[in-house]
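Engineer: This is a predicted model, with the sequence first.
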Amino acid sequence: MSGVKMLSEFITETQDDFPFATGELTRLLNDIVIASKIVNREVNKAGLADILGATTQENIQGETQQKLDVFADEQFIAALKNGGEACGIASEEVDEYLSFDSPRSQNGKYIVAFDPLDGSSNIDVNVSIGTIFSIYRRVSEVGTLATEADYLQKGDHQVAAGYVIYGSSTMLVYTTGNGVNGFTLDPTIGEFCLSHPNLTIPKTGKIYSINEGNLAYCSAAVNNYINYCKEIDASTNRPYSARYIGSMVADLHRNMIKGGIFIYPETTNAPKGKLRLQYECNPMAFLMEQAGGIASTGRKRIMEVEPTELHQRVPTIMGSKEMVEKLLSFYK
Ligand code: P6P
């Protein structure tokens, strides 16, 4: 298609930006793209196939696994295992990390942490859901089985991250540390096409996104900030609007485009918050910072947090620079 740049072309053209450019990232991202297209196909007809609803299984989070969660997880694991670039994966749906033991995979230089289908409680009510992925270069010796240290790297060591949002259209948004670019799937040709080059998040906005049902358990700082958002003050363009989808990818994608702040803080009943550091917060933090936003726990950059457990949770505040800075001023 003349004038339209496809994701595969874009990755190839920009792979020299990637410090380890030998085509590895191209192949690794294409493995993720393949899985996302298969997942997209099933998400788009979830209501028809016997793929809706819950399984009888629970994941390590204690959350009932949705059938589509399990399907999506299987697709990403298969694509990455067969692709050979990844030596292992960590998934929200799998208790332990999974180091691939084939000789080919042990020569893989990357690990991928992912949430195969985030927001899956929204599947049965047809609300946008997403896949989130984070790519690290392994720290263990190439040619060996990946070790725990490969999976417990802090967010600043990511070499790439992105998400797929299965919404009114299906988009893939990713970064390799040189800005953020968004691609929309053209189902007529089955290709992701560049639709949002050099995505940057507006430095401020009018949208705050938090589950207000939790406010009674939130800190004074968060409550004071939400009250600030609701106060009438024409000079500072308030009150703001509340928008909360309950699907992290959808809430953050909206804020990336329109500007806004997303808050899932620590609460008295969840001192670490709810969202998982390695496959939700770190990849989204990488994207937010690359797009000119801020991603904080309330006390430090999310990508500075030293992981100690694969599924650890972290308080999450991310979005437009000036809005996050305002909330952080309430912490002081
Ligand atoms: P709550 C979905 O389950 C998820 O992990 C994120 O996608 C979303 O932002 C959050 O949890 C919603 O949590 O407690 O507000 O329903």
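Structural biologist: Cool, the structure landed.

Engineer: ok, how many other residues are close to Glu231?
Structural biologist: By the measure other Cβ atoms under 10 Å, the count of residues near Glu231 is 10. Using the backbone N, CA and C atoms, a C-beta is placed for each residue, glycine as well.

Engineer: Could you shift the numbering so residue one becomes 32, and keep it that way?
Structural biologist: Right, with 32 as the first residue, what we last looked at is Glu262.

Engineer: OK, contacts around it?
Structural biologist: Residues counted as contacts of Glu262 (Cβ atoms under 8 Å, 6 or more residues apart in numbering) are Arg269, Pro270.

Engineer: May I have the phi/psi pair for it?
Structural biologist: phi -70, psi 150 (degrees, to the nearest 10).

Engineer: Helix or strand next in line after whichever strand or helix holds Asp181, which one?
Structural biologist: Assessed by DSSP states H and E, Asp181 sits inside helix 179-182. Moving toward the C-terminus from helix 179-182, the next helix or strand (DSSP H and E) is strand 189-197.

Engineer: Return the list of helices and strands in contact with that following strand.
Structural biologist: In terms of contacts (3 or more Cβ pairs under 8 Å, 6 or more residues apart in numbering; DSSP states H and E), strand 189-197 is packed against helix 55-74, strand 160-168, strand 201-206, helix 279-289, helix 313-321.

Engineer: Quick one: closest of the ones you listed to the ligand.
Structural biologist: Shortest distance between the ligand and the helices and strands packed on strand 189-197, using Cβ to the nearest ligand atom, is found for helix 279-289: 3.4 Å.

Engineer: Return the distance of the closest one from the chain's centre.
Structural biologist: Here helix 279-289 is found 11 Å from its chain centre; the criterion is Cα atoms, centre = their mean, to the nearest Å.

Engineer: mind listing what's buried in it?
Structural biologist: Buried residues in helix 279-289, counted by 16 or more other Cβ atoms under 10 Å: Met279, Val280, Ala281, Asp282, Leu283, His284, Arg285, Asn286, Met287, Ile288.

Engineer: Please apply the same query to stretch 181-195.
Structural biologist: Of the residues in stretch 181-195, 181-186, 189-195 count as buried by neighbour count, 16+ other Cβ under 10 Å.

Engineer: contacts with the ligand among the buried residues of helix 279-289, please.
Structural biologist: Met279, Asp282 (Cβ under 6 Å from any ligand atom).

Engineer: could I get the buried residues of helix 279-289 as CSV with distance to Gln309 and pLDDT?
Structural biologist: Shown next, in CSV, are the buried residues of helix 279-289 (distance: Cβ to Cβ, whole Å; pLDDT from 0 to 100):
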residue, distance to Gln309, pLDDT
Met279, 14, 97
Val280, 16, 98
Ala281, 20, 97
Asp282, 19, 98
Leu283, 17, 98
His284, 20, 98
Arg285, 24, 98
Asn286, 22, 97
Met287, 21, 98
Ile288, 25, 98
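
Engineer: Which residues of this structure lie near the ligand?
Structural biologist: Within the chain, the positions near the ligand by Cβ under 6 Å from any ligand atom are Asp149, Gly150, Ser152, Asn242, Gly277, Ser278, Met279, Asp282, Lys305.

Engineer: Pick out the lowest-pLDDT one from those residues.
Structural biologist: Across those, the bottom pLDDT score, 80, is held by Ser152.

Engineer: so how far is Val280 from the residue of the stretch 32-181 of the chain found nearest the ligand?
Structural biologist: Per Cβ to the nearest ligand atom, Gly150 is where the stretch 32-181 of the chain lies closest to the ligand, at 4.0 Å. Separation of Gly150 from Val280 (Cβ to Cβ, to the nearest Å): 6 Å.

Engineer: got any residues that touch both of these two?
Structural biologist: In contact with both Gly150 and Val280: Ser159, Ile160, Gly161, using Cβ under 8 Å, 6+ apart.

Engineer: close enough to count as contact, the second one and Asp282?
Structural biologist: No. Ile160 lies out of contact with Asp282 (Cβ atoms under 8 Å); the separation is 11.5 Å.

Engineer: tell me the contacts of Lys36?
Structural biologist: The contact partners of Lys36, by Cβ under 8 Å, 6+ apart, come to Cys224, Leu225.

Engineer: swap that for Arg135, sorry
Structural biologist: Here Arg135 is in contact with Gly115 (Cβ under 8 Å, 6+ apart).

Engineer: how about it, phi and psi?
Structural biologist: Here is the backbone geometry of Arg135 (degrees, to the nearest 10): phi -60, psi -50.
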